[in-house]
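Participant: Need coordinates for the below:
(4 chains)
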Protein chains: 2
Amino acid sequence: MTEVLRLLTRAQKLLRAAADEAMSRHGVRVGQNLVLEVLWETDGLTPGELAARLQVTTPTVVNTATRMEAAGLLVRRRDPVDGRLVRLHLTPKARAAQQPIAEARRLLAEHATATLTDEERRHLNSALKKIIERMTASTPPPGPGEDGQ
Amino acid sequence: MTEVLRLLTRAQKLLRAAADEAMSRHGVRVGQNLVLEVLWETDGLTPGELAARLQVTTPTVVNTATRMEAAGLLVRRRDPVDGRLVRLHLTPKARAAQQPIAEARRLLAEHATATLTDEERRHLNSALKKIIERMTASTPPPGPGEDGQ
DNA sequence: AGCTGATCATTAGCTTGCTATCGACTTGGA
DNA sequence: TCCAAGTCGATAGCAAGCTAATGATCAGCT
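Facilitator: As a prediction, this is how the structure comes out:
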């Protein structure tokens, strides 16, 4: 019964490691990749906005942004209107990486699911969505004695 | 196409967070839980053996073991025959936690997949297994231009 | 017996997540 | 106008993963 937890953990770890290796060939680590994907779409977001979109805490984005700034992938600019805000802007270097990184990610997904049929892929996606919905909806932690039925 | 990567990451993160919260109620963090599950079965393993079973690197086990030792969950004992080896032995405290922790894990898995049919669960498990097999078998990183067909 | 190479665990240092706290800035009410 | 409360980003510190380098011990060969 708890098998699915182990399988999910293992699969995700393998995929993450493969993604990190692939991204690293383009000078981007696996966590930074997600920030890039959002900023490619909408440049100049604040750390808080980014965190909300990535479903991650603000400190995580702040730290990642610091590393990316050091790597020359983005710059911080203070918002001229509201001095509390910081806006994250991609550099040309980050834009240049868009194509190859998106392609690498596509290839990885294709490779990982290469032995699945289209139907199996659909089933997998829908099952994961159900789990996600179940875990986010009200999030009642299953304590001993109560059953989230 | 890359949707499945996002879904897997998100689902695993939600499950890990829920597991961490549940385990923490019994004085065990989510990474330590895995060490416990192996040592409940086979006490006195070395860090290297544990790492191999958990599919994790030795330093990860060493660091986790240090935290668990500080938490009073296990003790290190030098192997009397081979002085290079360290054997990890669970304390009574760790054994006492076995029942509730295993139960919490079972409840979590049940809760997470509560909205899936038995068939969907089987499909999910088999799809994850296929992905794991695909990613471990020879592990050809999909570089640009070549296709792991 | 003694040295060399292999095999362990450990340490150092990194990324990526988290929570809790701090400091700066804005805003609304007195 | 000015102070209090709220809202941001940044920092500190922890867990858990990784790689690379260190250090201790064992084993095999001369």
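Participant: For the rest of this, base every contact and every neighbour count on C-alpha atoms.
Facilitator: Noted.
Participant: quick one: the strand or helix carrying A:Leu128 near DNA strand C?
Facilitator: Per DSSP states H and E, A:Leu128 falls inside helix A:118-136. No: remark: helix A:118-136 sits outside contact range of DNA strand C, by CA under 7 Å from any atom of the strand, the gap being at least 13.1 Å.
Participant: orientation of that helix relative to helix B:118-136 in degrees?
Facilitator: Using axes from the mean of the first three to the mean of the last three CA atoms, to 10 degrees, the direction of helix A:118-136 lies 110 degrees away from that of helix B:118-136.
Participant: Quick check: buried residues in helix A:118-136?
Facilitator: The neighbour-count criterion (16 or more other CA atoms under 10 Å in any protein chain shown) identifies A:120-121, A:123-132, A:134-135 as the buried residues of helix A:118-136.
Participant: That one packs against which elements?
Facilitator: Helices and strands touching helix A:118-136, by 3 or more CA pairs under 8 Å, 6 or more residues apart in numbering or on different chains; DSSP states H and E, are helix B:3-24, helix B:98-112, helix B:118-136.
Participant: picking up where we left off before, looking at the buried residues of helix A:118-136, which one is closest to A:Leu8?
Facilitator: Comparing the buried residues of helix A:118-136 against A:Leu8 with CA to CA places A:Leu128 closest, at 9.8 Å.
Participant: Now do the contacts for that closest one.
Facilitator: Neighbour list for A:Leu128: B:Leu7, B:Leu8, B:Ala11 [criterion: CA atoms under 8 Å, 6 or more residues apart in numbering or on different chains].
Participant: circling back: which two from the buried residues of helix A:118-136 end up farthest apart in space?
Facilitator: Checking the buried residues of helix A:118-136 with CA to CA, the most distant pair is A:Glu120 and A:Met135, at 22.4 Å.
Participant: Okay, now the unreliable bits of chain A?
Facilitator: Chain A contains residues with pLDDT under 70 at A:138-149.
Participant: That one against DNA strand D: which residues are in contact?
Facilitator: With CA under 7 Å from any atom of the strand as the criterion, chain A comes near DNA strand D at residues A:Thr46, A:Pro47, A:Gly48, A:Glu49, A:Thr58, A:Pro59, A:Val62, A:Asn63, A:Arg76, A:Arg84, A:Leu85, A:Val86.
Participant: change it to 6 Å
Facilitator: Contacts of chain A with DNA strand D, taken as CA under 6 Å from any atom of the strand, map to A:Thr46, A:Pro47, A:Gly48, A:Pro59, A:Val62, A:Asn63, A:Arg84, A:Leu85, A:Val86.
Participant: Report the separation between the last one and DNA strand C.
Facilitator: In other words, A:Val86. 10 Å (CA to the nearest atom of the strand, to the nearest Å).
Participant: Kindly report the same for the second one.
Facilitator: Using CA to the nearest atom of the strand, one gets 12 Å for the distance from A:Pro47 to DNA strand C.
Participant: In contact with the most centrally placed residue in chain A, which residues?
Facilitator: Centroid-nearest residue in chain A: A:Leu34, 4.2 Å away (criterion: CA atoms, centre = their mean). Applying CA under 8 Å, 6+ apart, we find A:Leu34 in contact with A:Leu54.
Participant: just checking, it is part of a helix?
Facilitator: Yes: checked against DSSP: H, G, I helix; E, B strand; the rest coil, A:Leu34 lies within a helix.
Participant: element containing A:Trp40?
Facilitator: Assigned by DSSP H and E, A:Trp40 belongs to helix A:30-41.
Participant: Is DNA strand C within reach of the helix or strand containing A:Glu69?
Facilitator: Assigned by DSSP H and E, A:Glu69 belongs to helix A:58-70. Yes: Helix A:58-70 comes into contact with DNA strand C (CA under 6 Å from any atom of the strand), by way of A:Pro59, A:Thr60, A:Thr64.
Participant: got the buried residues for that helix?
Facilitator: A:Thr58, A:Val61, A:Val62, A:Thr64, A:Ala65, A:Thr66, A:Met68, A:Glu69.
Participant: correct me, but the last one touches A:Val62?
Facilitator: So the one you mean is A:Glu69. No: counting by CA atoms under 8 Å, A:Glu69 does not reach A:Val62; the two are 10.3 Å apart.
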